[in-house]
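**Student:** what would the 3D arrangement of this be:
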Amino acid sequence: MQSYLIKKAKIVNENEVFVGDVLVEGAYIKQIAQNIESDEAITINAEGKYLIPGMIDDQVHFREPGLTHKANIGTESKAAVAGGITSFIEMPNTIPQATTQELLEDKFEIASKTSYANYSFMFGGTNDNLEELLKTNSKNVAGIKLFLGSSTGNMLVDDEEVLERIFSSTKLPISVHCEDEGTIRKNTQEFVEKYGDDIPIKYHPVIRSEEACYLSSSKAIELAKKTGARLHVFHLSTAKEMELFRNDIPLEEKQITAEVCVHHLWFTDKDYDKKGTHIKWNPAVKGEKDRDALWEALLDDRIDIIATDHAPHTLEEKDNVYTKAPSGGPLVQHAVVAILEKVKEGVLSIEKAVEKMSHNPSIIFKVEKRGYIREGYYADLVLVDPNESWKVEKENILYKCGWSPFEGQEFSNKITHTFVSGNLIYNKGEFNDEIKGKRLAFNR
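**Tutor:** Residues are numbered from 1 along each chain as shown. You can find the predicted model right below:
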């Protein structure tokens, strides 16, 4: 493998920013020092640029197998690497769903041949696959995913006895989508009776309401406390839910952890008028008070992780009337720069951004030797020019679906280089298509 010497970067790691050099040899970070010399390494002048550990995105939907008209592991991991995401954990609601060990391994096999980024997948729990779920290998599978809301077809786990058995039976992290199915169905029916299928999009957060979110997440947390399960709550969206999480113990000691997604930090219900169903997500983007509360909880460490919930659909699908327009949107190419834009605005520090996007996912999922800039760790590294402006336009979107909820947005920072396991995969718009990412391993 080619070795690389990154010179004079502003290195962001473990709550520090310092200027230094990083030597990459093979898949790993060989040395970090004030001044390194090397005759063999390709030198990259990083003066004025930030060097950050690649983001570990703990929640993506790359649509393969079965839904590849929208996306696939190759296209979306390529967009992710261009966006500074070097590792991803993908969800089980593909076709077929990853609800047996054989089907789960099929996805790993696809990724080994096509993924630009490092990868893992979650095993999907259902009402009737506990025996299969318990075969999941904790060393090389990220965890278990349960849908406690109807967001994704027939993966709804709604049998309370089954839920308790799952929570009681595994030490793996259980990640949950929390929205109460009964509440959503009742609300949907009321609006369908009034508007038919063409419900105004502004009512999405009324249908998938604060009550629906809180009812489900509070119940899941109560069950986790009762059973001692290791619970991770995905894509929080309401101010009310913030009372359910704590910040008075170190992250390593938390049994219940929380995630927020970029879109819930960026958009509010005021954006529905302009963006329409292009910002229709489950859980719904809600009001300003909710967004403000999410930021507050992120900054005071009640929320532990920033993720994307990247979930592409075609424009044709998204442009349907409300009841037929699917929820979800593409985000991996623009998530890191969106958060770094908030750094520029003074909303959070770059150290805190790196903590939430890279360090904490590594801690929560016990990812082996990733998520930090440390000697002996994998060289998953991203160089960011903090002073290069660019606009999101159709021509520079890499998602297979060809659109972004950020279209028209100008960012004042740009990712220039991305290293994945020591390989320079992305270099100023050019990709190395020959080398693939590695399967993530876990220290459990």
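**Student:** need the contact partners of stretch 414-431.
**Tutor:** 1-2, 4, 24-28, 44, 49, 54, 78, 81-84, 86, 116-118, 336-337, 378-385, 388-390, 432, 435, 437-438 (C-beta atoms under 8 Å, 6 or more residues apart in numbering). (Each C-beta comes from the backbone N, C-alpha and C, glycine too.)
**Student:** buried ones in that stretch, by neighbour count?
**Tutor:** Buried positions in stretch 414-431, judged by neighbour count with 16 or more other C-beta atoms under 10 Å: 414-426, 431.
**Student:** same list, the residues you listed, but as TSV with secondary structure, pLDDT and distance to I201 please.
**Tutor:** Below are the buried residues of stretch 414-431 laid out as TSV (DSSP: H, G, I helix; E, B strand; the rest coil; pLDDT from 0 to 100; distance: C-beta to C-beta, whole Å):
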residue	secondary structure	pLDDT	distance to I201
K414	strand	98	31
I415	strand	98	31
T416	strand	98	37
H417	strand	98	39
T418	strand	98	35
F419	strand	98	40
V420	strand	98	37
S421	coil	98	41
G422	coil	98	45
N423	strand	98	42
L424	strand	98	42
I425	strand	98	37
Y426	strand	98	35
F431	strand	98	36
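**Student:** on that earlier part again, can you select the buried ones among the contacts of stretch 414-431 for me in ChimeraX?
**Tutor:** Per 16+ other C-beta under 10 Å, the buried members of the contacts of stretch 414-431 correspond to this ChimeraX selection:
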select :4,24,25,27,28,44,49,54,78,81,82,83,84,86,116,117,118,336,337,378,379,380,381,382,383,384,385,437,438
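**Student:** I'd like the buried residues of stretch 414-431 as JSON lines, with distance to E253 appended.
**Tutor:** Listed next are these as JSON lines, based on distance: C-beta to C-beta, whole Å:
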{"residue": "K414", "distance to E253": "38"}
{"residue": "I415", "distance to E253": "33"}
{"residue": "T416", "distance to E253": "37"}
{"residue": "H417", "distance to E253": "36"}
{"residue": "T418", "distance to E253": "32"}
{"residue": "F419", "distance to E253": "32"}
{"residue": "V420", "distance to E253": "31"}
{"residue": "S421", "distance to E253": "30"}
{"residue": "G422", "distance to E253": "32"}
{"residue": "N423", "distance to E253": "35"}
{"residue": "L424", "distance to E253": "37"}
{"residue": "I425", "distance to E253": "35"}
{"residue": "Y426", "distance to E253": "36"}
{"residue": "F431", "distance to E253": "40"}
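**Student:** low-confidence ranges, the stretch 151-300 of the chain, go.
**Tutor:** Applying pLDDT under 70 to the stretch 151-300 of the chain flags residues 151-154.
**Student:** helices of that one, start to end?
**Tutor:** Using DSSP state H, counting those that start in this stretch, the helices of the stretch 151-300 of the chain run over 160-169, 181-195, 204-207, 210-227, 262-266, 272-275, 288-299.
**Student:** got a markdown table for the ones you listed, with distance to A142 and mean neighbour count too?
**Tutor:** A markdown table is the format used below for the helices of the stretch 151-300 of the chain (distance: least, C-beta to C-beta, whole Å; neighbours: other C-beta atoms under 10 Å):
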| stretch | distance to A142 | mean neighbour count |
| --- | --- | --- |
| helix 160-169 | 16 | 16 |
| helix 181-195 | 25 | 14 |
| helix 204-207 | 29 | 21 |
| helix 210-227 | 18 | 19 |
| helix 262-266 | 20 | 22 |
| helix 272-275 | 31 | 14 |
| helix 288-299 | 22 | 18 |
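**Student:** could you dump these to TSV with distance to I363?
**Tutor:** Output for the helices of the stretch 151-300 of the chain, formatted as TSV (distance: least, C-beta to C-beta, whole Å):
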stretch	distance to I363
helix 160-169	21
helix 181-195	32
helix 204-207	31
helix 210-227	18
helix 262-266	20
helix 272-275	34
helix 288-299	16
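**Student:** relative to I425, how far out is T100?
**Tutor:** Distance of T100 to I425, computed by C-beta to C-beta, to the nearest Å: 32 Å.
**Student:** next: E388.
**Tutor:** Taking C-beta to C-beta, one finds E388 at 19 Å from I425.
**Student:** so what's K135 up against?
**Tutor:** Contact analysis of K135 by C-beta under 8 Å, 6+ apart lists Q101.
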